[in-house]
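Colleague: here is the input, now give the coordinates:
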Amino acid sequence: MLTSLIVEILRADGYTVANLGGSGPDGGQDIFAAKGQFGFEGPTIVAQIKARSQLGDVKDLRELTGVMNSRHATHCLFVSWSGLTRAAEKRTREQWFRGLRLWQSVDVVDALLRVYEKLPEEIQLQIPLERVWVLVDKD
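Modeller: Residues are numbered from 1 along each chain as shown. Presented below is the predicted three-dimensional model:
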């Protein structure tokens, strides 16, 4: 479910999902995506989706950056619903300018809310949301 949601969020942001890799030995899923109708434009992204209960670690990030380099992608996105270990968080900060990004649960929810109206109906039926406007006192 989380992998399908990330795929649809990327599509709603204008990415073409070029290849959805199978589940790896660690249970992660690779998503390969690029901008444009046919996926010929940059940035190019390889994403690793971890919906498990344990924290992502430095080994996970090394594997992802290795896939990014071997696939000649310009960026990589590590999605970990449970977050990262401290060492992995440090590694993410160190690799910021090398194109490594992290989405934790709050980032997934933010992305979902940002593109919700563009998501396919089946996703909207699985995650029914309704926009509510609230009057705010500007004092």
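Colleague: my guess is Tyr57 meets Thr85, correct?
Modeller: Not Tyr; residue 57 is Asp. Yes: under the criterion of C-beta atoms under 8 Å, Asp57 makes contact with Thr85 at 4.9 Å. Placement of C-beta: from N, CA and C, glycine included.
Colleague: nearest residue to Gly56 in space, please, no chain neighbours.
Modeller: Of all residues beyond its chain neighbours, the one nearest Gly56 is Ser80 (3.9 Å), with distances taken as C-beta to C-beta, 6 or more residues apart in numbering.
Colleague: tell me the contacts of the one you found?
Modeller: Going by C-beta atoms under 8 Å, 6 or more residues apart in numbering, Ser80 touches Lys50, Leu55, Gly56, Asp60, Leu102, Trp103, Gln104.
Colleague: quick one: classify the nearest residue to Met68 once chain neighbours are set aside as helix, strand or coil.
Modeller: Leaving aside its chain neighbours, Met68 sits nearest to Cys76 (4.1 Å; criterion: C-beta to C-beta, 6+ apart). Of the three states, Cys76 takes strand under DSSP: H, G, I helix; E, B strand; the rest coil.
Colleague: what is Cys76 paired to in the beta sheet?
Modeller: Per DSSP bridges, residues listed as beta-bridge partners of Cys76: Val46, Leu100.
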